[in-house]
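**Student:** sharing a model that was predicted from the sequence below.
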Amino acid sequence: MITLYTWGTPNGRKVSIMLEECALPYRVKTIDITQGEQLAPKFVAINPNSKIPAIVDPDGPDGKPITLFESGAILLYLAGKTGRFLPTSDRGKYEALQWLMFQMGGVGPMFGQTHHFLRFAPEPLPYAIKRYSTETARLYGVLDRRLSEAPYLAVEYSIADMATYPWVARHEWQKIDLADYPNVQRWHAAIGARPAVQRGMAVPG
């Protein structure tokens, strides 16, 4: 059984959604990042970067246990393990990968900074708020244009959607009105209606 080390953040929920979608058995180990548990030596031995999520799969690709960190790498691993949620055609696969990288290089870091400066900074910093809020709105525009062309980010529902959804699910934290991005709003509702996504978003309980 896979062990998932996680906390209730968008990055953590990417992996629990994928595990639920694939119906893989797993157990959850909570790492309370508000209490610094990610810095404990026992967890650093699993993820030297001291971040969640991470997984340990006793049945790795060579039959031996494998430990993985970085949410995108874990999603790719699970897609390879199950043969699911990554298109099999070369064109489809690379299309999904480009949107996965868009999430990891843009949506995650920029939305995360917006969360920080709007919600958690000890004092308001107008320059930072404007900088990251403006970029967040721009990225929503990119998503909206893409989703005007297709129902999902790639040619079919994939790990790219699973990676992006938990960040968009916190649109209120970003002071984003999804009504301004109707294609994202439609996509957000469709993804959020999936039972596996609902279960994954509730991890850890």
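**Tutor:** Arrived safely, thanks for sending.

**Student:** show me this protein divided up by domain.
**Tutor:** Structural domains assigned to the chain are 2-85, 90-194, following automatic domain parsing.

**Student:** longest helix of this structure?
**Tutor:** helix 126-147 (DSSP state H).

**Student:** what angle sits between the following helix or strand past that helix and helix 126-147?
**Tutor:** As assigned by DSSP states H and E, the chain's next helix or strand after helix 126-147 is helix 159-168. Interaxial angle of helix 159-168 relative to helix 126-147 (axes from the mean of the first three to the mean of the last three CA atoms, to 10 degrees): 140 degrees.

**Student:** show me what helix 159-168 packs onto, helices and strands only.
**Tutor:** Counting by 3 or more CB pairs under 8 Å, 6 or more residues apart in numbering; DSSP states H and E, the packing neighbours recorded for helix 159-168 are helix 10-22, helix 71-82, helix 90-102, helix 108-115, helix 182-192, helix 195-201. C-beta here means a position set from N, CA and C on the backbone, and glycine is covered the same way.

**Student:** other residues contacting it?
**Tutor:** 9-11, 13-14, 17-18, 21, 71-72, 75-76, 78-79, 85-86, 96-97, 99-100, 102-104, 107-108, 111, 143, 152-154, 178, 184, 187-188, 191-192, 197, 201 (CB atoms under 8 Å, 6 or more residues apart in numbering).

**Student:** pLDDT weak spots in this structure?
**Tutor:** Counting by pLDDT under 70, the chain contains no low-confidence range.

**Student:** tally of neighbours for the closest residue to residue 93 other than its chain neighbours?
**Tutor:** Sequence neighbours aside, residue 87 is the residue nearest to residue 93 in space, at 5.1 Å (criterion: CB to CB, 6 or more residues apart in numbering). Other residues lying near residue 87 total 19 when counted by other CB atoms under 10 Å.

**Student:** residue 87 and residue 43, how far apart?
**Tutor:** Residue 87 sits 34 Å away from residue 43, going by CB to CB, to the nearest Å.

**Student:** write a ChimeraX command that selects only the buried members of the contacts of helix 159-168.
**Tutor:** The following ChimeraX selection, which keeps only the buried ones among these, applies the criterion 16 or more other CB atoms under 10 Å:
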select :9,10,11,13,14,17,18,21,71,72,75,76,78,79,85,86,96,97,99,100,102,103,104,107,108,111,143,152,153,154,178,184,187,188,191,197,201
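
**Student:** what about residue 52, how many residues nearby?
**Tutor:** Using other CB under 10 Å, residue 52 is surrounded by 26 other residues.

**Student:** did I read that right, it in a helix?
**Tutor:** No - membership of residue 52 in a helix is not supported by DSSP: H, G, I helix; E, B strand; the rest coil, which gives coil.
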